[in-house]
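A.B. asks: quick one, what's the 3D model for this:
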Amino acid sequence: MAPDRSWFTRRSTLVVGVAALAPAALAGWVLTQAFAGSGSGGPAGSAPQSASHSALSPGQRDAKPGSATGESASPSASTSTAAAAPAPAKGPLTGKTVVVDPGHNAGNFEHTEEIDQQVDIGTNRKECDTTGTTTNAGYKEADFTLDVSLRLRTALEAQGAKVVLTHQADRPWGPCITERARIGNEAQADAVVSVHADGVSAGNRGFHIILPAKVKSGAADTAKIVEPSRQLGERIAGNFARTTGSAPANYLGSGTGLVVRDDLGGLNLSTRPKVFIECGNMRDAKDAAQLTSPEWRQKAAQGIADGIVGFLGG
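C.D. replies: Next up is the predicted model:
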């Protein structure tokens, strides 16, 4: 203390000095706490913050995207996160390719001239494609087959498979049966399933699997796929019956749910194990009630998927 000032004068000066320094010290302390709390773990030994103690202000928490207080601090980071594809599932079908062929196309009804073109299926010539059938209420087979095929793709991808669809109603008509076979061949598919529903008279009920016959004519040569296709069909038939509760067809196949045909271009021209499945009869009221049910269609897709898993990974 300087000797030329009285005590109370010196004390007053000291108080004023401390008072002047206090706000700056307080501000420094607040900043220190804020930076310490912004770390991922906070200060050592501190308890984690609950959601109600968010570092954001209420206005920031409630701000809509794009508002001044709610915008992301790192737009590029959020964009790259959204664009990142999920890692493929691992499962018994990892490394396997399955081609799923949704029968017909809803647009075929408006393109009859195009689908009536004749194509070579090896054993003879047939229409490029057909319209497919409908229920008595007008629900199209093509809508049914696409719905089940999309569900089937999801189920197979969950098991690790690479799934190729012959179409996704992303074209006005078709594809032709020759192209459907070619897609499976070029994909080097480990299994191919063409999804359908039948359209015969009422009272005929149940599902059946169509297997390729042994044919060798023109571009058709099924010798190498007959046996693996039968194994694929048997696996699907058993799992489909168990999962959906449906019985094998009561009008063909002698109760086995398996039928062999040599007149289908999709089978004749295939070089990969392949079957068709007719999931039920759209013209029978009881079968139609199942085919139009989303819950039942999910079971149908799962039954087919289980059969493919049994064939490829079982």
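
A.B. asks: show me where the stretch 51-200 of the chain dips below the pLDDT cut-off.
C.D. replies: By pLDDT under 70, the weakly predicted segments of the stretch 51-200 of the chain are 51-88.

A.B. asks: quick one, strands of the stretch 201-314 of the chain?
C.D. replies: 208-212, 216-217, 220-221, 258-261, 274-281 (DSSP state E, counting those that start in this stretch).

A.B. asks: from the ones you listed, which stretch is densest packed?
C.D. replies: Counting by mean count of other C-beta atoms under 10 Å, strand 274-281 has the highest mean neighbour count of those, with a mean of 27. Every C-beta, even on glycine, is put in place using the N, C-alpha and C of the backbone.

A.B. asks: contacting residues for V260?
C.D. replies: 210-213 (C-beta atoms under 8 Å, 6 or more residues apart in numbering).

A.B. asks: go on, E110?
C.D. replies: Here E110 is in contact with 172-173 (C-beta under 8 Å, 6+ apart).

A.B. asks: phi, psi for it please.
C.D. replies: E110 has phi and psi values of phi -100, psi 0 when expressed as degrees, to the nearest 10.

A.B. asks: what's the distance between it and V195?
C.D. replies: E110 is 22 Å from V195, where distance means C-beta to C-beta, to the nearest Å.

A.B. asks: do the same with E186
C.D. replies: With distances taken as C-beta to C-beta, E186 is found 20 Å from V195.

A.B. asks: which of the strands of the stretch 201-314 of the chain sits closest to T94?
C.D. replies: Closest of these to T94 is strand 274-281, at 21.5 Å (criterion: C-beta to C-beta).

A.B. asks: and the closest one with strand 208-212, angle?
C.D. replies: Relative orientation of strand 274-281 and strand 208-212, computed by axes from the mean of the first three to the mean of the last three C-alpha atoms, to 10 degrees: 160 degrees.

A.B. asks: in its sheet, what does strand 274-281 sit against?
C.D. replies: According to DSSP bridges, strand 274-281 has the following sheet partners: strand 191-198 (parallel), strand 208-212 (antiparallel).

A.B. asks: and that strand, how far from the chain's centre?
C.D. replies: Computed by C-alpha atoms, centre = their mean, to the nearest Å, the separation of strand 274-281 from the middle of its chain amounts to 21 Å.

A.B. asks: likewise stretch 293-313?
C.D. replies: A distance of 13 Å separates the centroid of the chain from that of stretch 293-313, by C-alpha atoms, centre = their mean.

A.B. asks: mind listing the strands for the stretch 51-200 of the chain?
C.D. replies: With strands called from DSSP E, counting those that start in this stretch, the stretch 51-200 of the chain shows them at 97-102, 118-120, 125-127, 162-165, 191-198.

A.B. asks: need those strands in TSV with mean neighbour count and distance to P248, can you?
C.D. replies: Converted to TSV, the strands of the stretch 51-200 of the chain look like this (neighbours: other C-beta atoms under 10 Å; distance: least, C-beta to C-beta, whole Å):
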stretch	mean neighbour count	distance to P248
strand 97-102	26	22
strand 118-120	13	31
strand 125-127	15	27
strand 162-165	18	26
strand 191-198	27	13
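
A.B. asks: can you redo those strands as TSV with distance to L152?
C.D. replies: As requested, the strands of the stretch 51-200 of the chain are arranged in TSV below (distance: least, C-beta to C-beta, whole Å):
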stretch	distance to L152
strand 97-102	5
strand 118-120	26
strand 125-127	25
strand 162-165	8
strand 191-198	7
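
A.B. asks: between the strands of the stretch 201-314 of the chain, which gets nearest to S293?
C.D. replies: Comparing the strands of the stretch 201-314 of the chain against S293 with C-beta to C-beta, the closest turns out to be strand 274-281 (10.8 Å).

A.B. asks: measure how the closest one sits relative to strand 97-102, angle-wise.
C.D. replies: Here strand 274-281 runs at an angle of 40 degrees relative to strand 97-102 (the same axes, to 10 degrees).

A.B. asks: pLDDT of strand 274-281, averaged?
C.D. replies: When pLDDT is averaged over strand 274-281, the result is 98.

A.B. asks: cool, stretch 231-245 as well?
C.D. replies: 98.

A.B. asks: where does the stretch 201-314 of the chain dip in pLDDT?
C.D. replies: In the stretch 201-314 of the chain, residues with pLDDT under 70: 314.
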